[in-house]
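Asks: Fold the following, please.
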Amino acid sequence: MQVSAILDLRSSVPFNPATSRDINNDGYTIDTPVGVGVRSGCRDMDLGAVNSYRASFGLPAVSSVACPGYQDTDIRFSKFIALQGHRLELIAQLFNVTNHANFGPPVSNPLSATFGQVNQISSYINAPSRQGELAVRFLF
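Replies: So this is what the prediction gives:
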């Protein structure tokens, strides 16, 4: 018999707090507000600079940004059975054992009413819920 496990832990992923406006008049509409670093979201982003930019459009200040991490635990159990000179392997796998909800990155446009909030589940196949799998392998 064999038992194995995989634990996958990840910190939050940085995001780019960019607008859909051409702030610096260079012809490109993906700019970060003045004082906000590129890809600084979930790292060392200056919320004061973001809130100053939001205030210039009459939007309320943001007090925090959601920065979800990632957690997944998978377990596999297999057993070999001798069968007339051949081998039969029975396999059972369980994915996302803890049934941990993994969320996508937060909304990154500072002009959005939901800036800094998470509004989606991660697109990874095991992210939304626990899943199981049974298999049989015949080795000859």
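
Asks: On the pLDDT front, check the residue most central in space within the chain for me.
Replies: The structure's the chain has its C-alpha centroid closest to Gly104; by Cα atoms, centre = their mean the separation is 4.2 Å. For Gly104, the model assigns a pLDDT of 87.

Asks: now Asn126
Replies: Per-residue pLDDT puts Asn126 at 59.

Asks: how about the helices in the chain?
Replies: For the chain, helices defined by DSSP state H occupy the ranges 47-55.

Asks: before we move on, the earlier item: quick check: chain neighbours aside, which residue is closest to the residue nearest to the centre of the chain?
Replies: Gln120 (4.3 Å; Cβ to Cβ, 6 or more residues apart in numbering). Where C-beta positions appear, they are placed from N, C-alpha and C, glycine not excepted.

Asks: What about the one you found, how many residues nearby?
Replies: Gln120 has 11 neighbouring residues, counting by other Cβ atoms under 10 Å.

Asks: try Tyr28
Replies: Neighbour count for Tyr28, taken as other Cβ under 10 Å: 10.
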